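K.L.:
I'll drop the sequence and a predicted model, then ask my questions.
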Amino acid sequence: MPRERRTPTDVPDQRGRTAVITGASSGIGLDTARVLAARGATVVLAVRDMDKGARARAGILDAVPPAWLVVQRMDLASLDSVRAAAEELRATHPRLDLRINNAGVMHAKGGQPPTASSCASPTTWATSP
Ligand SMILES: NC(=O)c1ccc[n+]([C@@H]2O[C@H](COP(=O)([O-])OP(=O)(O)OC[C@H]3O[C@@H](n4cnc5c(N)ncnc54)[C@H](OP(=O)(O)O)[C@@H]3O)[C@@H](O)[C@H]2O)c1
């Protein structure tokens, strides 16, 4: 059965909605953030590196002014970081409509295959959806 090809123009109006995207500092997450922002969503860029997040935000603002963008620190390899981010989001956003679990790594640092994870050991298991 042929697959229907979809493009950003198929994304419906997102005004009034808030989306959280993990790993929005690069790659698919950044493109997704750009598209949702262009469709009017408030977009939370949930990132582990705040400098990269700020650069991602600036890049989207260049392409899509005006856009409603928030950079939120969230390192998925640390449950403490995830809990802290959840608390901050709960306090700052009355509603969240869309959660996109995009962040992921194919291999742990150094190209090592995945191993058991812990908060102190950020690996593929800890990070990927
Ligand atoms: N591209 C493909 O062909 C493909 C195919 C199948 C599945 N996928 C999946 O699609 C997702 C996005 O892929 P991509 O190609 O866009 O990958 P990417 O360019 O490597 O982006 C991955 C994103 O995840 C973030 N990330 C990594 N570890 C994190 C952590 N501990 N906490 C928070 N964020 C973290 C990265 O942040 P930093 O910028 O700080 O590194 C980056 O923003 C991944 O889950 C990947 O496994 C991709």
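P.N.:
Yep, it's here.
K.L.:
So for stretch 14-24, what gets flagged as buried?
P.N.:
The neighbour-count check on stretch 14-24 (16 or more other Cβ atoms under 10 Å) flags 14, 17-24 as buried. Any C-beta I mention is one placed from the backbone N, CA and C, and that applies to glycine too.
K.L.:
Can I get that stretch in PDB, CA atoms only?
P.N.:
C-alpha atoms of stretch 14-24 as PDB (Å, rounded to 0.1, in the frame of the first residue of the first chain):
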ATOM      1  CA  GLN A  14      -1.200  25.200  16.200                       C
ATOM      2  CA  ARG A  15      -2.100  28.600  17.700                       C
ATOM      3  CA  GLY A  16      -3.100  28.400  21.300                       C
ATOM      4  CA  ARG A  17      -1.200  25.100  21.800                       C
ATOM      5  CA  THR A  18       2.000  24.400  23.600                       C
ATOM      6  CA  ALA A  19       4.500  21.700  22.500                       C
ATOM      7  CA  VAL A  20       7.500  20.300  24.300                       C
ATOM      8  CA  ILE A  21      10.200  18.800  22.100                       C
ATOM      9  CA  THR A  22      13.100  16.900  23.600                       C
ATOM     10  CA  GLY A  23      16.400  17.200  21.700                       C
ATOM     11  CA  ALA A  24      15.200  20.300  19.900                       C
END
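K.L.:
Does it reach the ligand?
P.N.:
Yes - counting by Cβ under 6 Å from any ligand atom, the ligand has neighbours in stretch 14-24: 22-23.
K.L.:
contact partners of that stretch?
P.N.:
Residues from elsewhere that reach stretch 14-24 (Cβ atoms under 8 Å, 6 or more residues apart in numbering): 29-30, 32-33, 36, 39-47, 53, 56, 72, 74, 76, 89, 93, 95-104, 129.
K.L.:
number of nearby residues for the nearest residue to A24 once chain neighbours are set aside?
P.N.:
In space, and not counting its chain neighbours, A24 is closest to L45: 3.9 Å by Cβ to Cβ, 6 or more residues apart in numbering. Residues lying near L45 (other Cβ atoms under 10 Å) number 28.
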